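**Student:** could you look at this predicted model? Sequence included:
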Amino acid sequence: MLEELHVRDLALIEEVWLEFAPGLTVLTGETGAGKTALVGAIKLLIGERADSTLVRAGASGLLVEGRLASGGDERIVRRSVSVDGRSKCTLDGTMATVGELADGIGPLFDLHGQHEHQALLMPSRHADYLDRYIGKAATEAHERYALAFGEHMSACSAVEELRRELSEVAEKSDYMRFVVEEIDAAAISQAEDTELERRLPALRHGERLMAAAAEAFDSLRGEAGAGDAVARSLASLERVVGLDPALDRIAEALAEADRAVQIAGTDLREYAQSIDHDPATLNETEARLAALATLKKKYGPELADVVDTRARYARRLEAVDTGEERMREAADALERSAEELRAAGEALVEVRAAAVGGFTSALGEAVEDLAMSGAHFGVSMTDLDFEAWTAEGPHRVEFLFAPARDQSLRPLAKIASGGEVSRVMLALKSVLGAADRVPVLVFDEVDAGIGGTAAIAVGRRLADLARAHQVLVVTHLAQVAAYAQRHLVVEKETTDGSTTTTVRHVEGADRVAEIARMLSGGDTKTGRAHAEELLAAARA
């Protein structure tokens, strides 16, 4: 339950601290005093969208704080919105996102305003209302149906995707087969082009390269070559090795040079022997590189891309070969999902249909108690074609209504007046009260369009709801306010040209005066007498 609310710089509110109690709390006051702004503060606490226009004129930002009791634990929520629209939230002293507020605090509240009349008039919401009345059986049946519906939609998508894939492959199969055959005919090896390009210079300039290598070899290893000169120098120094360390170091350097000359000579000889300057081999290599370049231009840009293209097309061609079997498997899976969905749909219909009588009877009793004598309800469950089933069910659920016993049932949206819809919604809330575990119900002027005996009935029904929930009601009706356990008056005050909203808790004579004002527009003796009568009747 909501125990305390602190609001600062929201709309006309400069700062208010409110304490709440179990049962029914009403907020009353003149139009425009700021009652709905307090409901807006609660909406901010439960994670609804923030609007910088809510910030009080001249303030840098607004602040809303709430203290709640939930399941024996105390929860503290804080939400601030700056004038530039930035929002900050904390939940139990820890930074939180708006989504975390919506998930953690939102389920504790059920807000119902005048705009929700329109929700009641939307048949797409009616199945949910019926399921909430039924409770666990409907929840389980609908969960099973929703799971089967999702699997069936996935199976349908799989069949359509496979059909598109096979159709596309079939259209391009001749081209893809040509590509695979062309690449296969080329017998490509990995990085073949790189290896051929490495060998190409030797093929093109073989004679010059071989001659240069032979000449260099002779200069190193031939008669009177550098190798012999180094060897003779090394032999001369080896005769005096150990006599002078300085000369020994020179001898070591000459020994390294001798080894280098030997190695270079061997490499030159092997290089000269490896040179292939056969014109036929050159022509073959250049022709092969040209063929590979053509494939890379068509399917590249690299040779690895050509190989990947071949593999990709081969897989898609294989899909054509196995397409009939894959389509049969997908169709079988689709049929199985359809059977499961039909079974789940039948079970859901059965659960809902079994509850319709009790639901309409309970609604009828509730509106009877709300001064709508003779009004009665029905529920239309229209079967849909299998292809038109939705996530909500295999049928269209719509509430039917007749305001009098001698009138036939028609869709609620087409026949109910504004005041009737208000009372139907309140009746629905009371009927769902046992099933709904939401601890806090907030009603923002849902009693619009009604008065007199109907208003008294609405107050009594709200008081009944307050036995199982904390109920907060914004109302203009004295008949409703009289049933409250706690009465808060919202007022505007203007000081030095600045208008602010204040809230005060009234009881005793002050409460009688406020209810008298609501009845007659002023605090008169007659109004007070009538107010006292209302309060006494509500306590009876």
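**Tutor:** All right, it came through fine.

**Student:** stretch 471-479 spans what distance, first to last residue?
**Tutor:** By C-alpha to C-alpha, to the nearest Å, the extent of stretch 471-479 from end to end equals 16 Å.

**Student:** now it: average pLDDT?
**Tutor:** Stretch 471-479 comes out with an average pLDDT of 91.

**Student:** and if you look at stretch 270-279?
**Tutor:** 72.

**Student:** so Leu441 sits in a strand?
**Tutor:** Yes. The assignment for Leu441 by DSSP: H, G, I helix; E, B strand; the rest coil puts it in a strand.

**Student:** just checking, it touches Leu472?
**Tutor:** Yes. Leu441 is within contact range of Leu472, at 7.2 Å (criterion: C-beta atoms under 8 Å). In short, each C-beta sits where N, CA and C put it, glycine included.

**Student:** neighbour count winner among those two?
**Tutor:** A side-by-side neighbour count of Leu441 and Leu472, using other C-beta atoms under 10 Å, places Leu472 first with 27 against 22.

**Student:** which SS class is the more buried one?
**Tutor:** Secondary structure for Leu472, judged by three-state DSSP, is strand.

**Student:** so it touches Leu462, yeah?
**Tutor:** No. Leu472 is beyond contact range of Leu462, at 10.1 Å (criterion: C-beta under 8 Å).

**Student:** joint contacts of those two?
**Tutor:** Counting by C-beta atoms under 8 Å, 6 or more residues apart in numbering, the shared contacts of Leu472 and Leu462 are Phe443.

**Student:** would Val503 count as being in a strand?
**Tutor:** Yes. With three-state DSSP as the criterion, Val503 is located in a strand.

**Student:** average pLDDT across stretch 362-371?
**Tutor:** 83.

**Student:** next: stretch 78-86.
**Tutor:** Mean pLDDT, computed over stretch 78-86, is 92.

**Student:** how about it: buried residues?
**Tutor:** Buried residues in stretch 78-86, counting neighbours by 16 or more other C-beta atoms under 10 Å, are found at 78-81, 83.

**Student:** ditto for stretch 234-252
**Tutor:** For stretch 234-252, burial by neighbour count (16+ other C-beta under 10 Å) applies to 234, 237, 251.

**Student:** stretch 41-59 now?
**Tutor:** Quick answer for stretch 41-59 (16+ other C-beta under 10 Å): 41-48, 50, 54-56.

**Student:** and the gap between Gly364 and Val424?
**Tutor:** Distance from Gly364 to Val424, counting by C-beta to C-beta, to the nearest Å: 11 Å.

**Student:** between those two, who's got more neighbours?
**Tutor:** Remark: of Gly364 and Val424, Val424 carries more neighbours, 24 against 18, as counted by other C-beta under 10 Å.

**Student:** outline the domain layout of this structure.
**Tutor:** Here the domain parsing of the chain from automatic domain parsing is 1-121+436-506, 167-320.

**Student:** present those domains as CSV; the columns should include distance to Arg396.
**Tutor:** Formatted as CSV, the domains of the chain follow (distance: least, C-beta to C-beta, whole Å):
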stretch, distance to Arg396
domain 1-121+436-506, 15
domain 167-320, 35
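
**Student:** most tightly surrounded among these?
**Tutor:** Burial of those is given as mean neighbour count (mean count of other C-beta atoms under 10 Å); domain 1-121+436-506 ranks first at a mean of 18.

**Student:** now do that domain: distance from first to last residue.
**Tutor:** Start-to-end, domain 1-121+436-506 (C-alpha to C-alpha) is 21 Å.

**Student:** how about the domains of the chain, which one is nearest Phe377?
**Tutor:** Distance to Phe377, taken as C-beta to C-beta, is lowest for domain 1-121+436-506 among those, at 12.1 Å.

**Student:** what distance separates that closest one from the centre of its chain?
**Tutor:** The chain centre lies 28 Å from the centre of domain 1-121+436-506; the measure is C-alpha atoms, centre = their mean, to the nearest Å.

**Student:** ok so, going back, of the domains of the chain, which shows the lowest average pLDDT?
**Tutor:** Lowest mean pLDDT of the domains of the chain: domain 167-320, a mean of 80.

**Student:** can you map out the strands along the stretch 201-350 of the chain?
**Tutor:** For the stretch 201-350 of the chain, no strands are identified by DSSP state E, counting those that start in this stretch.

**Student:** Lys35: what's it in contact with?
**Tutor:** By C-beta under 8 Å, 6+ apart, the residues touching Lys35 are 27-29, 444, 474, 490.

**Student:** in strands, which of those residues appear?
**Tutor:** Taking DSSP state E as the definition of strands, the contacts of Lys35 contribute 27-28, 444, 474, 490.

**Student:** quick one: which of the residues you listed is nearest Thr139?
**Tutor:** Relative to Thr139, the closest of the ones in strands among the contacts of Lys35 is Asp444; by C-beta to C-beta it sits at 28.1 Å.

**Student:** that closest one and His112 touch, don't they?
**Tutor:** Yes. Assessed by C-beta under 8 Å, Asp444 is found in contact with His112 at 7.1 Å.

**Student:** rewinding a little: let me know the closest of the ones in strands among the contacts of Lys35 to Leu121.
**Tutor:** For those, the residue nearest Leu121 by C-beta to C-beta is Asp444; the value is 17.6 Å.

**Student:** so that closest one versus Val39, what's the distance?
**Tutor:** Distance, Asp444 to Val39, using C-beta to C-beta: 5 Å.

**Student:** can you pull the contacts of the closest residue to Val261 other than its chain neighbours?
**Tutor:** Leaving out its chain neighbours, the residue that sits closest to Val261 by C-beta to C-beta, 6 or more residues apart in numbering is Gly227, at 4.6 Å. Contact analysis of Gly227 by C-beta under 8 Å, 6+ apart lists 220-221, 258, 261-262, 265.

**Student:** can you report phi and psi for Arg86?
**Tutor:** phi -70, psi 140 (degrees, to the nearest 10).

**Student:** can you list residues touching both of Gly364 and Val424?
**Tutor:** By C-beta under 8 Å, 6+ apart, Gly364 and Val424 have no common neighbours.

**Student:** next, count neighbours for Ser124.
**Tutor:** With neighbours defined by other C-beta under 10 Å, the count for Ser124 comes to 12.

**Student:** which non-adjacent residue is nearest Ala455?
**Tutor:** Take Ala455 and drop its neighbours on the chain: the residue closest to it by C-beta to C-beta, 6+ apart is Gln479, 3.7 Å away.
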